[in-house]
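Undergrad: Build me a model from this:
(chains A and B)
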There are 2 protein chains.
Amino acid sequence: MSLLVVGSVALDSVETPFGNVKEALGGSAVYISTAASFFTAPIRLVGVVGGDFSKKHIEFLEERDIDLEGLQIIEKEKTFRWGGRYHYDLNSRDTLFTELNAFERFDPVIPLSYKKTAYVCLGNIDPVLQRQVLEQIQTPRLVLGDTMNYWIETKPKELTDTMKVMDVIVVNESEARLLTHEPNLIKAAKRIIAIGPKVVIIKKGEHGAILVTNDTIFSAPAYPLENIYDPTGAGDTFAGGFAGWLAKTDDLSSENLKRAVIYGSSLASFCVEQFSVDGLRDLTKLKIQDRYRSFMELSRFDER
Amino acid sequence: MSLLVVGSVALDSVETPFGNVKEALGGSAVYISTAASFFTAPIRLVGVVGGDFSKKHIEFLEERDIDLEGLQIIEKEKTFRWGGRYHYDLNSRDTLFTELNAFERFDPVIPLSYKKTAYVCLGNIDPVLQRQVLEQIQTPRLVLGDTMNYWIETKPKELTDTMKVMDVIVVNESEARLLTHEPNLIKAAKRIIAIGPKVVIIKKGEHGAILVTNDTIFSAPAYPLENIYDPTGAGDTFAGGFAGWLAKTDDLSSENLKRAVIYGSSLASFCVEQFSVDGLRDLTKLKIQDRYRSFMELSRFDER
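TA: The predicted structure is shown next:
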C-alpha cells in the first residue's frame, strides 16, 4: 500500500564519542521514508529544503524509490540544519544549534497525486501542521504520528487535538511521562490511549520498545549492539520500519503489529551502526530478515 | 538439589509513594531463600540476627521450609535495620538510616550439615565473607553471587578475587557499568565474563533483565505492572527465583538458564506488588506458572 511521510529534511552535524559528521543527510522524513522503502511502495515524501540541498541527497532518495513530488525546494532559502553532541553513554545529547531556515515557514501542501494515500506517517512537526496534512488526505487507512517534548510543552491543546486523529502514536519514555504526568509507562500508555490513539508505542532506546493497545502489551528487546556510532534518527527509522511493514502487509492484527515493532527495531539497529543514513545505504531485505530472526533468538524461551 | 543462601536478615522501614512499613522482614538472605523455596529444598540459610528478631519471622521462614540451623541469633545484639524512601518514579531511593547491629561483625560459620550443598547463592555481603563462605563448602556445583556499588568502590581487589570463583553474577545496570567503566551493557557483560563468571545477568528494573554468556544473549522483559508498591528486595527475589529454579532442575543449559531468568523475573514481579515479603506470602506454584506464561505472551512474536 502507499505511504505518505511528512517531516523534516535536514543537514545534521553530529558528534559522538566515536566520530563526527558535518552536514550529513538527516531529518525525520528522510529516516522514515528510507526505512519504509525496504518494505513498501510508493512512498510519498512531503517536506521542504533550500536551494543548497545537494543533488546527491535527492539521488539517494530517488534510488530508494521515494516519490519527491511533495518535496518543496525553496531556492532562495537554506536547508534546515541541526547540530548535536552525544554524551559518553549515548543516552543523552546536547543540541549545539538549530537553524530552521526553509523549515521555519514549512507549509505542507499535499500534491494531488498524494491525496489518496492509504498509510500516513506524521513525523515530528508542529501538531497544527500534522493536522493540516491529514485534512488534505482522503480517509487514510492508518495514521501514525510522532511528537516531541517541545510540542507537548508549548502546544498541549493542539497536540491533544491531533492525537485524537492518530491511530498509532510513537513516543519515547520521557515524552510518554511528560504527556501524562505518570511515571509508570504502562499507565502512561493507557492514558494516551484514552486521549485517542488505539496503539501506543513507547521507545526505550537501549531497552527496546513496548507496544500497548486496549487488549495487548508487547515488549520488544533492543538488539544487543556493542558499537553504536550515532543514535540520530533511530526513532524515526523505527517508525519508518514499523509503518512500512504495516503498509506492505495491510494487516492491523495484534500479531502483525508485533512483527512491525520487530521490523522497526531491526531497521533502527542498522541505523545506529553508522552515521547519518549510512547504516541504511547498503541494507538488503536478506540482512533485515536475518536481524528479525536474531530478535527472535534474543527473546525466545520455551515452555516448562 | 540443595541450595545454600548467605546474606543479610534485616528489619526494613520503607516509604514509597504508596505507603510505608516499619521494621518489616527483609534482607537479601530472606528474599533469596523465600523466592527459592517455591522451587527447591532443602534451602539452608546462613545469616545473623539479634535477640529482638521476632518469633513470627522465624515461623514464616520455617513455614517456607527453610533450614535455619545457620541463622545465628546473638541475644545481646539487635537485628540489622535499614530505612529507605523511594522517589516518585520508584527508580531511585534514598537510604534514611543503616544500623548494622549484629550484622556488623557477621562471621558466616557454615554448619556441618550445610557443607555438602550443591548450589550456593552469595547474597550482597562483603566479598571477603563471600569467599570465606565458599571455602567452607565442598565443591559446589554452581556459585551465584551478588554485589553492590559499595563493594565495587571500597573492595575492588577482593571483589575481583571472589568473582573468579562465581559461576553466575547478578548485578544491576549501574553496578555493571561501575565495575567495568563501560557504558555499553553488552560490552560490560563481556568484560565481567573476562574476570571470571561464565554467566552475567544484568537487572534493569522496569526494563527487565539480560543474560549474557560467551555464546548466548537473552533479553527478558519486565512484567508490565501498573502498580508497584515496594521495589525493596526485587533483585534478591529475582536471584532467589533464578537460583531456586536451577537447583530444582539441575540443568545448566542455555535454554534452562533462560527459563530461570523468567522464573526469577516472575517471582520479582510478585514481590514488588506488596510491601516487604508480603507479595511472596500467598504465592502458589500455579500463580507462578501463570505469570511465566504471561511473560511468554508478552514477548512472543512469530516468524514472517
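
Undergrad: doesn't A:Lys116 fall inside a strand?
TA: No. According to DSSP: H, G, I helix; E, B strand; the rest coil, A:Lys116 belongs to no strand; its state is coil.

Undergrad: Confirm for me that it is in contact with A:Arg141.
TA: No. Counting by C-beta atoms under 8 Å, A:Lys116 stays clear of A:Arg141, with 10.5 Å between them. Where C-beta positions appear, they are placed from N, C-alpha and C, glycine not excepted.

Undergrad: So if I had to pick from the two, which one is more boxed in?
TA: Comparing A:Lys116 with A:Arg141 by other C-beta atoms under 10 Å in any protein chain shown, the one with more neighbours is A:Arg141, at 15 against 12.

Undergrad: any weak-confidence spans in chain A?
TA: Along chain A, no part satisfies pLDDT under 70.

Undergrad: Which elements pack onto the helix or strand hosting A:Ile202?
TA: Here A:Ile202 sits within strand A:199-203, counting by DSSP states H and E. Here strand A:199-203 touches strand A:168-172, helix A:173-180, helix A:185-195, strand A:209-212, helix A:234-249, going by 3 or more C-beta pairs under 8 Å, 6 or more residues apart in numbering or on different chains; DSSP states H and E.

Undergrad: Would you mind finding the most buried of those?
TA: Mean neighbour count (mean count of other C-beta atoms under 10 Å in any protein chain shown) peaks for helix A:234-249 among the helices and strands packed on strand A:199-203, with a mean of 28.

Undergrad: Convert that helix to PDB, retaining C-alpha atoms only.
TA: Below are the C-alpha coordinates for helix A:234-249, written out as PDB (Å, rounded to 0.1, in the frame of the first residue of the first chain):
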ATOM      1  CA  ALA A 234      16.900   5.800  15.400                       C
ATOM      2  CA  GLY A 235      13.400   6.700  16.500                       C
ATOM      3  CA  ASP A 236      12.400   7.800  13.000                       C
ATOM      4  CA  THR A 237      13.900   4.800  11.400                       C
ATOM      5  CA  PHE A 238      11.900   2.600  13.900                       C
ATOM      6  CA  ALA A 239       8.700   4.500  12.900                       C
ATOM      7  CA  GLY A 240       9.500   4.100   9.200                       C
ATOM      8  CA  GLY A 241      10.200   0.400   9.500                       C
ATOM      9  CA  PHE A 242       7.000  -0.100  11.600                       C
ATOM     10  CA  ALA A 243       4.800   1.900   9.200                       C
ATOM     11  CA  GLY A 244       6.500   0.400   6.100                       C
ATOM     12  CA  TRP A 245       5.800  -3.100   7.300                       C
ATOM     13  CA  LEU A 246       2.200  -2.300   8.000                       C
ATOM     14  CA  ALA A 247       1.700  -0.600   4.700                       C
ATOM     15  CA  LYS A 248       3.300  -3.600   2.900                       C
ATOM     16  CA  THR A 249       1.100  -6.200   4.700                       C
END
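
Undergrad: Between helix A:173-180 and that helix, find me the angle.
TA: 80 degrees (axes from the mean of the first three to the mean of the last three C-alpha atoms, to 10 degrees).

Undergrad: how about the helix or strand that helix A:234-249 is followed by against chain B, any contact?
TA: Per DSSP H and E, the first helix or strand lying C-terminal to helix A:234-249 is helix A:254-271. Yes. Using C-beta under 8 Å from any C-beta of the partner chain, helix A:254-271 reaches chain B at A:255, A:258-259, A:261-262.

Undergrad: and what of stretch A:76-92?
TA: Yes. Shown here: stretch A:76-92 in contact with chain B (C-beta under 8 Å from any C-beta) through A:88-91.

Undergrad: Would you mind listing which of the residues you listed are buried?
TA: Among the residues of stretch A:76-92 next to chain B, those buried by neighbour count (16 or more other C-beta atoms under 10 Å in any protein chain shown) are A:Leu90.

Undergrad: Output the residues of stretch A:76-92 next to chain B as TSV; include the columns distance to B:Phe97 and secondary structure.
TA: Compiled in TSV, these are given as follows (distance: C-beta to C-beta, whole Å; DSSP: H, G, I helix; E, B strand; the rest coil):
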residue	distance to B:Phe97	secondary structure
A:Tyr88	34	coil
A:Asp89	32	coil
A:Leu90	37	coil
A:Asn91	32	coil
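
Undergrad: ok, so of the residues of stretch A:76-92 next to chain B, who is nearest B:Asn149?
TA: A:Asp89 (16.7 Å; C-beta to C-beta).

Undergrad: can I assume that closest one is in contact with B:Leu185?
TA: No. Judged on C-beta under 8 Å, A:Asp89 makes no contact with B:Leu185 at a distance of 10.0 Å.
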